[in-house]
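[1] attaching a predicted model along with its sequence, questions to come.
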Amino acid sequence: MSKEKGYALLLQEQNRDVAKKLGTATLAMFSLPIIAFYVGLHFLFTNKEDPLMWSGGLAVFFANVVIAGYVFSAFSEEDDEHDERGNGGQGDGDAAGPRVGAFKQRTD
C-alpha cells in the first residue's frame with residue numbers, strides 16, 4: 001500500500017475525476033459568490049434602499065448553489081463495484097463488519 005499523502009493522492013489515475021470535481025467546485029466557490037456580489041451591487045440592486053444587503057444575500061445564495069451542486073454530483077457518482085462475498089467467500093458477505101442490534105441475525 002502506498003504511503004502517499006495530500007496532493008499526490010489526487011494525481012493518481014483512479015482519483016483524477018475526484019480531483020477535477022474538487023478543483024471545479026473550489027474555483028466556483030471562490031469566484032461565483034464574489035462575481036454575484038458585485039453584479040448585484042452595481043447592476044441588479046442599484047435602486048434598492050440597501051444594495052449591500054441584497055448583494056450579500058445574492059452571494060450567499062450562489063455559495064449555497066455551489067455547495068448543493070457539489071453534494072448532488074457527489075451523490076450521483078456510481079459506487080465502486082465490490083465483490084458480492086466481501087469476506088473472501090466466508091461469512092455472510094458483509095465486509096463492513098459484524099451486524100449488531102436490529103440488523104443482527106439470530107442463530108437460536
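    Received, thanks.
[2] number of nearby residues for the residue lying closest to residue 15 once chain neighbours are set aside?
    Using Cβ to Cβ, 6 or more residues apart in numbering and skipping residues adjacent in sequence, the residue nearest residue 15 is residue 9, 6.0 Å away. C-beta coordinates here come from the backbone N, C-alpha and C atoms, glycine included. Residue 9: 13 surrounding residues under other Cβ atoms under 10 Å.
[3] now residue 9: which helix or strand?
    In the assignment (DSSP states H and E), residue 9 maps to helix 7-10.
[4] and for residue 39?
    Here residue 39 is assigned to helix 16-39, by DSSP H and E.
[5] from the contact counts, what lies against that helix?
    helix 7-10, helix 51-75 (3 or more Cβ pairs under 8 Å, 6 or more residues apart in numbering; DSSP states H and E).
[6] would you quantify the distance from residue 30 to residue 24?
    Counting by Cβ to Cβ, to the nearest Å, the gap between residue 30 and residue 24 amounts to 11 Å.
[7] try residue 39
    Relative to residue 24, and taking Cβ to Cβ, residue 39 is found at 21 Å.
[8] alpha carbons only: can I get the helix holding residue 39 in PDB?
    Taking C-alpha atoms only, helix 16-39 is exported to PDB below (Å, rounded to 0.1, in the frame of the first residue of the first chain):
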ATOM      1  CA  ARG A  16      -8.400  12.200 -11.300                       C
ATOM      2  CA  ASP A  17     -12.100  12.600 -11.700                       C
ATOM      3  CA  VAL A  18     -12.400  13.400  -8.000                       C
ATOM      4  CA  ALA A  19      -9.600  15.900  -8.300                       C
ATOM      5  CA  LYS A  20     -11.300  17.600 -11.300                       C
ATOM      6  CA  LYS A  21     -14.600  17.800  -9.500                       C
ATOM      7  CA  LEU A  22     -12.900  19.200  -6.300                       C
ATOM      8  CA  GLY A  23     -11.000  21.800  -8.300                       C
ATOM      9  CA  THR A  24     -14.100  22.900 -10.200                       C
ATOM     10  CA  ALA A  25     -16.100  23.200  -7.000                       C
ATOM     11  CA  THR A  26     -13.300  25.100  -5.300                       C
ATOM     12  CA  LEU A  27     -12.900  27.500  -8.200                       C
ATOM     13  CA  ALA A  28     -16.700  28.000  -8.300                       C
ATOM     14  CA  MET A  29     -16.900  28.500  -4.600                       C
ATOM     15  CA  PHE A  30     -14.200  31.200  -4.800                       C
ATOM     16  CA  SER A  31     -15.400  33.100  -7.800                       C
ATOM     17  CA  LEU A  32     -19.200  32.800  -8.200                       C
ATOM     18  CA  PRO A  33     -20.200  34.500  -4.900                       C
ATOM     19  CA  ILE A  34     -17.800  37.300  -5.500                       C
ATOM     20  CA  ILE A  35     -19.000  37.900  -9.000                       C
ATOM     21  CA  ALA A  36     -22.600  37.700  -7.900                       C
ATOM     22  CA  PHE A  37     -22.000  40.200  -5.200                       C
ATOM     23  CA  TYR A  38     -20.500  42.800  -7.500                       C
ATOM     24  CA  VAL A  39     -23.000  42.200 -10.300                       C
END
